[in-house]
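Participant: curious how this folds, go ahead:
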Amino acid sequence: MDISSLLGTSSIVDADRTKASTILQPVKSGNMFDAILNGAIDNINKTNSYLSDAENAEISFALGETENTHDLMIALQKASTALQYTVAVRDKFLEAYKEIMQMQI
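Facilitator: The predicted structure follows:
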């Protein structure tokens, strides 16, 4: 399975359009594992930031500091989508790991 087209990609839920030029950046074969690991860590950090933003929006709405339900729903949907994406990637990674561990040498 060729995953070279996935290297250097940003998260699906990444709203930052300034990184559009770095979607498909070339990676040396020696740095492939490093690039995949760093990409996964970045996606986890973005997911955490979306979740904390949603939590802060919920708290400010509950305290009456804001009455804008539109922004609250956007923050909640971003957090939900990011979490679903992260869980799906984790599940696929664990599935691949289990398959590799079951291979006989």
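Participant: please identify which helix or strand holds residue 48.
Facilitator: For residue 48, the host element (DSSP states H and E) is helix 32-62.
Participant: I figured residue 86 hits residue 47, correct?
Facilitator: Yes - proximity of residue 86 to residue 47 meets the contact threshold set by CB atoms under 8 Å, at 4.7 Å. Using the backbone N, CA and C atoms, a C-beta is placed for each residue, glycine as well.
Participant: and stretch 81-91, how far out from the chain middle?
Facilitator: Taking CA atoms, centre = their mean, to the nearest Å, the mean C-alpha location of stretch 81-91 is offset from the chain mean by 7 Å.
Participant: give the buried residues for it.
Facilitator: When neighbours are counted by 16 or more other CB atoms under 10 Å, the buried residues of stretch 81-91 are found to be 82, 83, 85, 86, 89.
Participant: and what of stretch 44-55?
Facilitator: Under the neighbour-count rule (16+ other CB under 10 Å), stretch 44-55 has 46, 47, 50, 51, 53, 54 buried.
Participant: the helix or strand harbouring residue 80 - contacts with which helices or strands?
Facilitator: Here residue 80, judged by DSSP H and E, is contained in helix 69-101. For helix 69-101, the contact count by 3 or more CB pairs under 8 Å, 6 or more residues apart in numbering; DSSP states H and E identifies helix 32-62 as packing neighbours.
Participant: what angle do the helix it packs on and helix 69-101 make?
Facilitator: Counting by axes from the mean of the first three to the mean of the last three CA atoms, to 10 degrees, helix 32-62 lies at 150 degrees to helix 69-101.
Participant: quick check, central residue of this protein?
Facilitator: residue 43 (3.3 Å; CA atoms, centre = their mean).
Participant: okay, the buried residues of stretch 44-55 in JSON lines with pLDDT and distance to residue 67 next?
Facilitator: Conversion of the buried residues of stretch 44-55 to JSON lines gives the following (pLDDT from 0 to 100; distance: CB to CB, whole Å):
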{"residue": "46", "pLDDT": "95", "distance to residue 67": "28"}
{"residue": "47", "pLDDT": "95", "distance to residue 67": "27"}
{"residue": "50", "pLDDT": "96", "distance to residue 67": "22"}
{"residue": "51", "pLDDT": "95", "distance to residue 67": "23"}
{"residue": "53", "pLDDT": "95", "distance to residue 67": "18"}
{"residue": "54", "pLDDT": "96", "distance to residue 67": "17"}
